[in-house]
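Asker: Turn this into a model:
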Amino acid sequence: MLLMMVVFLLAMAARLVWKIIKFKPEPKPLSLTVISQCKSCGKKHMSKFKVGDHLLKPCGKCECGGTFRMIKIYNDEETKEERKWKAYEKRFEV
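Answerer: Numbers count the residues shown, from 1 in each chain. Predicted coordinates:
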């Protein structure tokens, strides 16, 4: 009986040590995308996010002579919840 208790306590201690030293990977960096739109003609342009980007920032000239402004910054990757909702909506498509 005493031997079983010792084995049990050793197993619990080993499990606790394993939880403490278990490797936890660093979270993956976000993959952000920026959408800019020309004020004059409405043409849209997509690019990767750079440090310093913010909404309504002028970011270049359009072919029509207008200026592009950033209108949307979003994460490219879908979350688990978004994938679940897309699968749910797909079931009811006609």
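Asker: use CA for all of it now, contacts and neighbours both
Answerer: OK.
Asker: hang on, E89 in a helix?
Answerer: Yes. Under DSSP: H, G, I helix; E, B strand; the rest coil, E89 falls within a helix.
Asker: what about it, how many neighbours?
Answerer: E89: 10 surrounding residues under other C-alpha atoms under 10 Å.
Asker: May I have the predicted confidence score for it?
Answerer: Model confidence at E89, given as pLDDT, is 77.
Asker: Identify the residue nearest S40 in space, chain neighbours excluded?
Answerer: G66 (5.3 Å; C-alpha to C-alpha, 6 or more residues apart in numbering).
Asker: give the contact list for the one you found.
Answerer: 38-41 (C-alpha atoms under 8 Å, 6 or more residues apart in numbering).
Asker: May I have the phi/psi pair for F68?
Answerer: Main-chain torsions, F68, degrees, to the nearest 10: phi -80, psi 140.
Asker: Against V7, how distant is C38?
Answerer: 71 Å (C-alpha to C-alpha, to the nearest Å).
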